[in-house]
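Undergrad: can't give you the sequence, but here's the structure:
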Ligand SMILES: [Zn+2]
């Protein structure tokens with residue numbers, strides 16, 4: 001269900017092909033049968049980070065056939081005709097995953113600029129967001145909301161079809177938010193009526209929440225984003241206020257579950273975080289003011305915390321950050337970093353999510369150094385962006401480690417990121433689904 005659109009596409013292609021080949025070959029000129037043998041690539045990895053076991057192996061060979069990893073080992077015979085990629089002087093690790101991006105939106109500090117652009121202009125301007133993210137080593141993202149509803153669905157599908165390059169995207173379709181809430185386009189005069197795509201996810205009762213989720217599920221969302229508290233980067237919002245009630249949050253989780261979808265909740269205030277955890281969300285985004293009870297609840301429920309502890313640097317240093325956003329943000333950045341340390345020490349499940357779009361796209365990896373500074377080991381930080389992220393998204397079978405059968409999403413850096421985590425800010429080689437995008 002989660003890979004709805006990609007799968008539907010592939011499925012339609014295959015069924016049409018089967019139909020053609022079996023019944024009406026004369027009508028199907030130009031429809032190609034699948035290649036008999038997919039090309040084989042052998043990657044020599046000098047150092048290999050085994051994120052599942054949390055260890056480093058030397059001199060591994062990774063055989064990639066088509067889009068998939070076929071086998072990994074030390075003494076593999078390289079098949080005749082295989083293309084060899086020599087990364088024997090590098091450290092090889094799985095493609096990184098950012099669980100909190102906004103690729104399909106404007107990356108301006110002021111959300112209201114959306115009103116100065118057509119939907120098409122917004123979409124075209126977002127294309128480089130996807131490519132720079134991929135080239136920075138992020139082969140998958142969970143994209144958690146867009147002001148113009150479904151721009152993210154369109155971007156995901158454009159990448160999957162090869163029209164533009166970017167990471168594999170799992171998208172929310174729209175923000176599910178209360179009216180004038182954290183995910184709404186606010187700051188307008190009360191007599192301005194927004195078009196539907198700029199207020200698509202507004203809902204003000206458990207049944208309205210369910211209705212929106214039913215529509216989003218039908219229209220291709222891979223997961224559901226709800227806003228449990230106010231926000232920093234929204235006009236007229238207070239990050240310490242409670243927005244959706246426990247009843248509305250429970251309705252969201254139950255309704256999303258009916259369609260096989262998981263829910264992530266934006267939450268800064270401690271009560272809003274706990275309301276969302278108790279309702280059964282898969283992850284808390286930001287988790288800024290999580291208290292001890294919230295940390296204990298997250299542990300008990302197995303809820304992931306997806307804490308964007310780097311972007312404070314960008315909010316405070318950007319000359320364009322609106323004054324009311326700076327006011328909301330005051331003191332929150334440092335509190336979030338302290339609470340990150342507490343959560344790591346308590347052993348809460350953590351993922352890597354940057355809120356990319358707040359900082360410029362493509363510098364996602366700068367957050368790793370902050371995660372290490374505030375309490376993670378380098379291996380834990382890498383695991384948060386690989387195995388843990390795949391688990392949260394619900395596709396551990398597809399990505400998150402370099403393992404036989406998974407998608408060939410592989411990156412490499414020059415040095416040793418376990419000694420200097422900032423090596424991940426300079427990814428030299430990027431392969432996604434067996435195709436090399438950087439460093440060949
Ligand atoms: Zn966000």
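TA: Thanks, I have the structure now. Everything quoted here is computed from the prediction, not taken from an experiment.
Undergrad: would you map the strands across the stretch 101-250 of the chain?
TA: Using DSSP state E, counting those that start in this stretch, the strands found in the stretch 101-250 of the chain span residues 138-143, 168-171, 175-176, 224-227.
Undergrad: got those strands as JSON lines, with distance to residue 111 and mean neighbour count columns?
TA: All C-beta spots, glycine's among them, are computed from the backbone N, C-alpha and C. Below are the strands of the stretch 101-250 of the chain laid out as JSON lines (distance: least, C-beta to C-beta, whole Å; neighbours: other C-beta atoms under 10 Å):
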{"stretch": "strand 138-143", "distance to residue 111": "16", "mean neighbour count": "30"}
{"stretch": "strand 168-171", "distance to residue 111": "18", "mean neighbour count": "26"}
{"stretch": "strand 175-176", "distance to residue 111": "11", "mean neighbour count": "28"}
{"stretch": "strand 224-227", "distance to residue 111": "14", "mean neighbour count": "30"}
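Undergrad: as CSV, those with distance to residue 397 and mean pLDDT would be great.
TA: Output for those, formatted as CSV (distance: least, C-beta to C-beta, whole Å; pLDDT from 0 to 100):
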stretch, distance to residue 397, mean pLDDT
strand 138-143, 13, 98
strand 168-171, 13, 98
strand 175-176, 27, 98
strand 224-227, 21, 98
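Undergrad: now those strands as TSV including distance to residue 388?
TA: Below are the strands of the stretch 101-250 of the chain laid out as TSV (distance: least, C-beta to C-beta, whole Å):
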stretch	distance to residue 388
strand 138-143	12
strand 168-171	15
strand 175-176	24
strand 224-227	19
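Undergrad: please enumerate the strands of the stretch 251-400 of the chain.
TA: 263-267, 283-286, 304-306, 350-351.
Undergrad: surely residue 49 touches residue 95?
TA: No. Residue 49 lies out of contact with residue 95 (C-beta atoms under 8 Å); the separation is 11.9 Å.
Undergrad: count of neighbours near residue 358?
TA: Counted by other C-beta atoms under 10 Å, the residues lying close to residue 358 total 23.
Undergrad: so for residue 255, which of the strands of the stretch 101-250 of the chain sits nearest?
TA: Nearest of the strands of the stretch 101-250 of the chain to residue 255, taken as C-beta to C-beta: strand 224-227 at 8.2 Å.
Undergrad: paired strands for the closest one, with orientation please.
TA: strand 175-176 (parallel), strand 263-267 (parallel) (DSSP bridges).
Undergrad: related to what we said a few turns ago, will you turn the strands of the stretch 251-400 of the chain into TSV that also has distance to residue 436, mean neighbour count and mean pLDDT?
TA: Shown next, in TSV, are the strands of the stretch 251-400 of the chain (distance: least, C-beta to C-beta, whole Å; neighbours: other C-beta atoms under 10 Å; pLDDT from 0 to 100):
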stretch	distance to residue 436	mean neighbour count	mean pLDDT
strand 263-267	32	30	98
strand 283-286	31	28	98
strand 304-306	29	27	98
strand 350-351	27	28	98
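Undergrad: sorry, back to before: now the strands paired with strand 224-227 as CSV including distance to residue 102?
TA: Converted to CSV, the strands paired with strand 224-227 look like this (distance: least, C-beta to C-beta, whole Å):
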stretch, distance to residue 102
strand 175-176, 10
strand 263-267, 12
